[in-house]
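K.L.:
missing the sequence, but the structure's below:
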């Protein structure tokens, strides 16, 4: 009987752009563009400069572009930096049910390895789609199980997505794919203890794990062996990270039949994706009723139990986040920002913004109630109920986040988001050229035509 690692290898190696539905290709390019914009914005920030400096020191053959830099390094080291940049603002795409971010892994790996091997834009796009679909399916098998045990699903699943993208561009033989994925099982890592103090390790997770996926692929190409039963084995990936649960292994058999890229959700706000429907509800109430912050007495939100330990508890700490990064994983803060400022952009998640006394006062009024009927993580829904000083109660519900399959963002809005982010790092005359290059990615003879545009000069 064929192992799952063999089946994943057959899918990745056999995937051709001509066989992929047009809607999947078009959305994959938008994900690629969105991811590049976020990475460019991150390259201007303290954490971004740190990871770029480390990647430059690690060095290696000067073959793959560091985003926001004139430097090229070995592909695995470029992925380490670029994947971190792409996820560092928590502004990147999400697959709700699997709770994974994909562009920071698959797109960044495909671009870096494509840079190294002199691939065309079409080959890079093909590899990015293969990596994204593999990563999503790996996450869907264990939906909700990893978070429950303190692991970050993006960190765990990025390794396999990166290996799928890299292996395709490196031309792995069919017999080498199970070794690559088998090695990935020992490369995957990432705990969510960053929630305790708002420190930065989550930013690093997809970069580090995708780095591991590239290393796994290079080792497999040399003949290094990995367990073929990495997924289904008694001591395999799922039982090690998710515990003795029931797993939906059938999801891995859906590759190439049921596409996940159309279900990816773009972010409108640079913070935890589960927060977005709640923030939308708060904004709708503020606009609908012309709410003044000083009239609000209490804010109550219904939530599933799953997100509580990440976004709500300890409640007092979440109401007064200790760091700007920690604020991205605080629903009291995110809702308060919407009710006070009526917006939530990069400037609302700075060290200065998190000390705004009006926002903190509002956050102290926000609490939650458990609702066991919410189908989390299959759906990210939102609910906000507000009590006013005259006793009036108003509330708003939202079944899905904006930016996903049910309520997609128009391409023009995603391009404008890219322009705002990229404009922080590169000259404005480059921004539209990058947009056009990604629009026609499959037509580029060499991916370097795009990566050469990603330096600040």
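P.N.:
Looks like it arrived, so ask away. Predicted model only: the values in this text are computed from it and were never measured.

K.L.:
do a quick rundown of the strands in the stretch 301-450 of the chain.
P.N.:
Along the stretch 301-450 of the chain, the segments classed as strands by DSSP state E, counting those that start in this stretch run 366-370, 382-388, 393-398.

K.L.:
for residue 70, find the nearest of those.
P.N.:
With distances scored as C-beta to C-beta, the stretch of the strands of the stretch 301-450 of the chain nearest to residue 70 is strand 382-388 (42.6 Å). C-beta here means a position set from N, CA and C on the backbone, and glycine is covered the same way.

K.L.:
leaving out chain neighbours, which residue sits closest to residue 318?
P.N.:
Counting by C-beta to C-beta, 6 or more residues apart in numbering, residue 318 lies nearest to residue 330, which is 4.3 Å off, once chain neighbours are set aside.

K.L.:
just the pLDDT for that neighbour.
P.N.:
At residue 330, the predicted lDDT confidence score is 97.

K.L.:
okay, now it: neighbour count?
P.N.:
Burial measure for residue 330: 29 neighbouring residues, criterion other C-beta atoms under 10 Å.

K.L.:
that older thread, quick one: closest of the strands of the stretch 301-450 of the chain to residue 269.
P.N.:
Distances from residue 269 to each of the strands of the stretch 301-450 of the chain were compared using C-beta to C-beta; the minimum, 12.1 Å, belongs to strand 382-388.

K.L.:
report all helices and strands that that closest one contacts.
P.N.:
With contacts taken as 3 or more C-beta pairs under 8 Å, 6 or more residues apart in numbering; DSSP states H and E, strand 382-388 sits against helix 276-289, strand 296-303, strand 393-398.

K.L.:
what's the closest of the ones you listed to residue 447?
P.N.:
Distance to residue 447, taken as C-beta to C-beta, is lowest for helix 276-289 among the helices and strands packed on strand 382-388, at 31.7 Å.

K.L.:
what helices and strands are in contact with the closest one?
P.N.:
Judged by 3+ C-beta pairs under 8 Å, 6+ apart, the packing partners of helix 276-289 are helix 331-341, strand 382-388, strand 393-398.

K.L.:
the first one to strand 296-303, inter-axis angle?
P.N.:
Per axes from the mean of the first three to the mean of the last three C-alpha atoms, to 10 degrees, the angle that helix 331-341 makes with strand 296-303 is 140 degrees.

K.L.:
one more: the shortest one?
P.N.:
Calculated by the same axes, to 10 degrees, strand 393-398 forms an angle of 30 degrees with strand 296-303.

K.L.:
which outside residues touch strand 393-398?
P.N.:
The contact list for strand 393-398 (C-beta atoms under 8 Å, 6 or more residues apart in numbering) reads 277-278, 280-282, 284-285, 288-289, 381-388.

K.L.:
which of those are buried? Put it as a ChimeraX command.
P.N.:
Per 16 or more other C-beta atoms under 10 Å, the buried members of those correspond to this ChimeraX selection:
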select :277,278,280,281,282,284,285,381,382,383,384,385,386,387
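
K.L.:
nearest to residue 29, out of the helices and strands packed on helix 276-289?
P.N.:
Shortest distance between residue 29 and the helices and strands packed on helix 276-289, using C-beta to C-beta, is found for strand 393-398: 27.6 Å.

K.L.:
quick check: buried residues in that closest one?
P.N.:
Neighbour counts using 16+ other C-beta under 10 Å place 396, 398 of strand 393-398 among the buried residues.

K.L.:
likewise for stretch 301-309?
P.N.:
By neighbour count with 16+ other C-beta under 10 Å, stretch 301-309 contains the buried residues 301, 302, 303, 304, 306, 307.

K.L.:
redo the residues you listed as a markdown table? Include pLDDT.
P.N.:
Conversion of the buried residues of stretch 301-309 to a markdown table gives the following (pLDDT from 0 to 100):
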| residue | pLDDT |
| --- | --- |
| 301 | 98 |
| 302 | 97 |
| 303 | 97 |
| 304 | 94 |
| 306 | 92 |
| 307 | 93 |
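
K.L.:
hmm, residue 122 is touching residue 16, no?
P.N.:
No: in this structure, residue 122 sits apart from residue 16 without contact. The criterion is C-beta atoms under 8 Å, and the distance is 9.8 Å.

K.L.:
which one's more surrounded, the two?
P.N.:
Applying other C-beta under 10 Å to residue 122 and residue 16 shows that residue 122 carries more neighbours, namely 19 against 9.

K.L.:
how near is that one to residue 171?
P.N.:
Counting by C-beta to C-beta, to the nearest Å, the gap between residue 122 and residue 171 amounts to 15 Å.

K.L.:
likewise residue 189?
P.N.:
Taken as C-beta to C-beta, the span from residue 189 to residue 171 is 27 Å.

K.L.:
okay, those two: which has more neighbours?
P.N.:
Neighbours were tallied for residue 189 and for residue 171 using other C-beta under 10 Å; the higher tally belongs to residue 189 (15 against 10).

K.L.:
by contact count, what packs against the helix or strand harbouring residue 128?
P.N.:
Assigned by DSSP states H and E, residue 128 falls within helix 121-141. The contact analysis (3+ C-beta pairs under 8 Å, 6+ apart) places helix 121-141 against helix 4-14, helix 22-42, helix 108-117, helix 153-170.

K.L.:
same thing but 6 Å
P.N.:
Under the contact criterion of 3 or more C-beta pairs under 6 Å, 6 or more residues apart in numbering; DSSP states H and E, helix 121-141 touches helix 108-117, helix 153-170.

K.L.:
the residue positioned nearest the centre of the chain and residue 157, how far apart?
P.N.:
The centroid of the chain falls nearest to residue 101 when counting by C-alpha atoms, centre = their mean (2.3 Å). Counting by C-beta to C-beta, the gap between residue 101 and residue 157 amounts to 9 Å.

K.L.:
I'm done for today, thanks for sticking with me.
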